[in-house]
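Asks: Using only what follows, build the 3D model:
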Amino acid sequence: MKFVDEAIVTIRSGSGGAGCVSFRRERFIEKGGPDGGDGGDGGDVILRVDPSKRTLYEYRRRKRLSAKNGSPGLGRQKHGKNGSHCYLSLPPGTIVFDVQTSQVLADLTDPDKEIIIAQGGKGGRGNKRFATSTNRVPRFAQPGIPGVEMKLRLELKLMADVGLVGLPNAGKSTLISAMSAARPKIADYPFTTLTPTIGMVAAPFGEPFAVADIPGLIEGAHEGVGLGIKFLKHIERTGILVHLIDCGGIDPENPLAQFQLINNELSMHSDTLANKTQVVVLNKIDLTGTTNRVEAFKNALPDQTVFTISAATGKGVKPLINHLAQLLHAAAPEDKE
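Replies: As a prediction, this is how the structure comes out:
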């Protein structure tokens, strides 16, 4: 299935059914009076968070969604049938915007949460409701209230605890496959990752945590160059960024070039990403000739803890997982008794 993280849909809640104008006609009963029933209420459009959903692909095809209208009232004071609701099942992390005003209508993060985004119209009252001592034969009823039509923009921001960032071919996909059961495409050329990948990592203590791998960033990503800018929003919700660097590409004369390039792109995209906690990781230490490059990088960044790993062989991955678990545990709110 194609990964889709944006969609525009038109929704419409159901209109209320009209009230009924009716009079009781029955043998041996004179002046039976009004007996028109109320119309049924229109159905609501409801947003539902479905943890089993991963993309918005369904809503690239379903452009228009409508709830059912309420049925009109009937004689003998019969109430019209209420219209059935329309449910939009959306993945966790979906943000719903009003296209016309650009206002955020809902931020869906809690599993199984439901929000009424468009209320159905109320059914009209039948003429029985309008009978009074001075107007015993009302010959009118209320029409139903029309439903609401809206155009919505759906935007998915994946929810993960840790986000992997780095240049193309830094080994992010290899790392997430070494940390979790995720199996993204891995190859020896840049931009192997074309869509975000989520992997669940078994922590040494506490709850498992989710790691998000996004396509590599390049210079000018904040201006739309490459693929990274399109997917940076998927790591805006993460608590920690793992800044992965290919130590084979470190220039001993300017060891922080890659590190500074990525940080610059993050800060140009948003202050939110720039201010996130970063764990710096040098990958591919199994390659020959990387020792001097690693030392040059560490010397240029003396105040930062730098992890050295080989995602391909698994060396150093376990201590990295332990460190991430500790950071997430420390950042988690304590349970109040």
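Asks: Could you give the backbone dihedrals for residue 328?
Replies: When read as degrees, to the nearest 10, the backbone of residue 328 gives phi -70, psi -40.
Asks: Can you classify the closest residue to residue 100 other than its chain neighbours as helix, strand or coil?
Replies: Nearest residue to residue 100, sequence neighbours excluded (CB to CB, 6 or more residues apart in numbering): residue 151, at 6.6 Å. Heads up, the C-betas are built off the backbone N, CA and C, glycines and all. Under DSSP: H, G, I helix; E, B strand; the rest coil, the three-state class of residue 151 is strand.
Asks: Residue 151: neighbouring residues, count only.
Replies: Neighbourhood size, residue 151 [other CB atoms under 10 Å]: 14.
Asks: Show me the beta-bridge partners of it.
Replies: Following DSSP bridges, residue 151 is listed with bridge partners residue 10.
Asks: ok, how many other residues are close to residue 147?
Replies: Using other CB under 10 Å, residue 147 has 25 neighbouring residues.
Asks: so where is the stretch 101-250 of the chain shaky, pLDDT-wise?
Replies: When residues are selected by pLDDT under 70, those of the stretch 101-250 of the chain lie in 182-195, 216, 218-231.
Asks: Show me where it has its helices.
Replies: Assigned by DSSP state H, counting those that start in this stretch, the stretch 101-250 of the chain shows helices spanning 172-179, 228-231.
Asks: how far is the first one from where the chain is centred?
Replies: In other words, helix 172-179. Offset of helix 172-179 from its chain centre (CA atoms, centre = their mean, to the nearest Å): 23 Å.
Asks: Does anything pack onto it? Which helices or strands?
Replies: Judged by 3 or more CB pairs under 8 Å, 6 or more residues apart in numbering; DSSP states H and E, helix 172-179 is in contact with strand 162-165, strand 197-201, strand 209-213, strand 240-246, strand 277-283, helix 317-331.
Asks: so which of the ones you listed is the most packed in?
Replies: strand 162-165 (a mean of 27; mean count of other CB atoms under 10 Å).
Asks: Relative to residue 247, how far out is residue 288?
Replies: Residue 288 sits 11 Å away from residue 247, taking CB to CB, to the nearest Å as the criterion.
Asks: if you count what's nearby, which of these two comes out ahead?
Replies: Each of residue 288 and residue 247 has its neighbours counted (other CB under 10 Å); residue 247 has more, 28 against 6.
Asks: Now the more buried one: closest residue in space, sequence neighbours ignored.
Replies: Of all residues not flanking residue 247 in the chain, residue 282 sits nearest, at 4.3 Å (CB to CB, 6+ apart).
Asks: Quick one: residues contacting the one you found.
Replies: 245, 247, 250, 294, 297, 306, 307, 308, 309 (CB atoms under 8 Å, 6 or more residues apart in numbering).
Asks: with the residues you listed in mind, which one is nearest to residue 56?
Replies: residue 245 (32.5 Å; CB to CB).
Asks: Need the pLDDT of residue 335.
Replies: Model confidence at residue 335, expressed as pLDDT, equals 43.
Asks: and if you look at residue 277?
Replies: So, for residue 277, pLDDT stands at 89.
Asks: give me every residue that touches it.
Replies: Residue 277 makes contacts with 239, 240, 241, 327, 331, as judged by CB under 8 Å, 6+ apart.
Asks: show me where the stretch 51-200 of the chain has strands.
Replies: All strands of the stretch 51-200 of the chain, identified by DSSP state E, counting those that start in this stretch, fall at 64-66, 86-90, 94-98, 104-108, 114-118, 149-156, 162-165, 197-201.
Asks: Compare these and give me the one nearest residue 54.
Replies: Proximity to residue 54 (CB to CB) singles out strand 197-201 among these, at 7.9 Å.
Asks: Now do the closest one against helix 317-331, angle only.
Replies: When axes from the mean of the first three to the mean of the last three CA atoms, to 10 degrees is applied, the directions of strand 197-201 and helix 317-331 differ by 90 degrees.
Asks: Please name the strands paired to strand 197-201 in the sheet, noting orientation.
Replies: Assessed with DSSP bridges, strand 197-201 is paired to strand 209-213 (antiparallel).
Asks: any residues touching the strand it pairs with, and which ones?
Replies: Outside strand 209-213, the residues that touch it by CB under 8 Å, 6+ apart are 158-164, 172-173, 175-176, 179-180, 182, 184, 193, 196-201, 203, 234-235, 238, 242, 324-325, 328.
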